[in-house]
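Student: Generate a structure from the sequence data that follows.
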Amino acid sequence: MSLKPEMKSQYGKVAVLLGGFSAEREISLLTGAAVLKALIEAGVDAHPVDPEQDGLAAIVEGGFDRAWNALHGRGGEDGQIQSFLQLQGIAYTGCGVIASALSMDKLRTKLVWKALDLPVAPHVMVATQALSDSEAQSLLDSLGGSVMVKPIREGSSVGMARASNVEELQQAVAKASEFDKEVMLEQWVDGDEFTVAILSGKEFGDKALPSIHMITPNDFYDYEAKYQTSSTQYHCPSGLSAKEEAQLQAIALKAFHAVDGHGWSRVDFLRDKVTRNWVLLEVNTIPGMTQTSLVPKAAKVAGMSFESLVLKILDTSFIERK
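Tutor: Next up is the predicted model:
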């Protein structure tokens with residue numbers, strides 16, 4: 001299709017960064033393909049660049065003015081590609097170096113939130129992938145008998161598992177250790193899962209989009225529930241009262257600002273079924289962006305088409321980097 005002159009002049013030549021080297025490569029390819037299609041249909045001079053196949057040199061040699069970063073996980077969401085782009089003087093979408101690096105680390109993010117009295121679940125770190133029976137039982141006892149096991153630097157619930165006995169914990173820690181040398185155990189919260197997308201714009205500042213309530217028959221909203229099954233239910237509006245929605249959005253914005261967030265992100269929560277209190281889980285600084293992903297669902301309820309959302313995120317590349 002022919003380019004719309006105003007789009008070509010406004011954004012210049014845009015690299016859509018997709019694929020990459022992380023455990024989330026396949027999801028990144030899907031996100032990147034959807035974003036690329038939307039940009040081209042909007043008249044933007046957009047081109048795909050896969051760092052794994054094309055190399056980082058392709059970004060520099062391609063003469064790109066800015067990058068729409070669709071790289072999920074390590075290398076793309078952890079400050080590495082942000083640092084590279086910043087050094088090359090290429091504008092990019094989303095969070096900067098500090099927010100990206102911090103948010104990718106679930107432990108350090110949690111420590112920041114805890115210091116600011118934001119709601120988080122109790123946790124401990126394990127230093128070995130081979131727990132003895134007594135060590136495993138002691139850890140379970142210290143965290144109420146049931147835990148969520150997390151490698152601290154993976155997204156899309158990769159390597160995560162629930163453990164409620166010694167054998168399950170030993171297996172879950174060993175598995176999580178395949179993805180990260182640092183493994184966190186969080187006290188299991190029997191709660192409903194919610195998420196809040198945040199989008200920055202010159203016309204409205206930092207805006208929290210309508211929350212989404214995810215319901216899955218699985219133990220939690222894991223990789224299968226996110227990408228491999230049709231049994232997951234998504235409710236947006238989420239069913240909260242206006243007061244509850246405002247409270248949740250306020251916590252999401254505080255959590256986003258606490259990690260120096262800019263551009264766009266998605267903040268994930270649990271709501272304890274007994275206490276009804278909110279518990280922060282993590283910030284996703286480059287959420288999925290396929291037509292069925294969570295942020296587009298919230299944007300649609302807020303009156304935004306997928307193409308409009310993709311362009312608004314591209315606008316975040318104009319944020320001044322310090």
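
Student: Helices of this structure, start to end?
Tutor: Using DSSP state H, the helices of the chain run over residues 5-11, 25-41, 51-54, 57-61, 80-88, 97-104, 106-115, 133-142, 166-176, 223-227, 242-258, 294-301, 306-315.

Student: Buried residues, stretch 53-66. List them.
Tutor: Applying a neighbour-count criterion of 16 or more other CB atoms under 10 Å, one finds Asp54, Ala58, Ile59, Phe64, Arg66 buried in stretch 53-66. For glycine as for every other residue, the C-beta is placed from the backbone atoms N, C-alpha and C.

Student: The third one touches Arg66, doesn't it?
Tutor: What that stands for is Ile59. No. With contact defined as CB atoms under 8 Å, Ile59 does not count as touching Arg66 (10.6 Å).

Student: What's the local residue count around the residue nearest to Ala34 when sequence neighbours are not counted?
Tutor: Counting by CB to CB, 6 or more residues apart in numbering, Ala34 lies nearest to Thr290, which is 4.8 Å off, once chain neighbours are set aside. Neighbour count for Thr290, taken as other CB atoms under 10 Å: 17.

Student: ok, now how distant is Thr290 from Phe21?
Tutor: In this view, Thr290 and Phe21 are 20 Å apart by CB to CB, to the nearest Å.

Student: ok, the closest residue to Gly239 other than its chain neighbours - contacts?
Tutor: Computed as CB to CB, 6+ apart, the closest residue to Gly239 that is not its neighbour in sequence is His213, at 5.9 Å. Neighbouring residues of His213 by CB atoms under 8 Å, 6 or more residues apart in numbering: Asp192, Glu193, Phe194, Tyr234, His235, Cys236, Ser238, Gly239, Leu240.

Student: what separates the closest residue in space to the third one that isn't next to it in sequence from Glu168, distance-wise?
Tutor: Across the structure, with CB to CB, 6+ apart as the measure, the residue nearest Phe194 apart from its sequence neighbours is Phe269 (4.6 Å). Applying CB to CB, the value for Phe269 to Glu168 is 25 Å.

Student: Looking at these two, which is more packed in?
Tutor: Phe269 (23 against 17).

Student: For that one, report the pLDDT, please.
Tutor: On pLDDT, Phe269 comes in at 97.

Student: thinking it is in contact with Leu280, fair?
Tutor: Yes. Counting by CB under 8 Å, Phe269 does reach Leu280; the two are 6.1 Å apart.

Student: which residues are in contact with both of the two?
Tutor: Ile251.

Student: Tell me what the most centrally placed residue in the chain is bridged to.
Tutor: Nearest residue to the geometric centre of the chain (CA atoms, centre = their mean): Asn284, 1.9 Å. When bridges are called by DSSP bridges, Asn284 pairs up with Arg266.

Student: Now for Ile59 and Arg66: what residues contact both?
Tutor: Ala15, Ile90.

Student: residue contacts, Val14?
Tutor: By CB under 8 Å, 6+ apart, the residues touching Val14 are Leu39, Val44, Asp45, Ala46, His47, Phe64, Asp65, Arg66, Ala67, Trp68, Leu314.

Student: So Asp65 versus Leu85, what's the distance?
Tutor: Counting by CB to CB, the separation of Asp65 from Leu85 is 11 Å.

Student: Overlap in contacts, those two.
Tutor: Ala91.

Student: The nearest residue to Thr285 once chain neighbours are set aside: neighbour count?
Tutor: Counting by CB to CB, 6+ apart, Cys95 is the residue found nearest to Thr285 once chain neighbours are left out, at 4.4 Å. Residues near Cys95, counting by other CB under 10 Å, number 29.

Student: what's the spacing between Cys95 and Trp264?
Tutor: Cys95 sits 8 Å away from Trp264, going by CB to CB.
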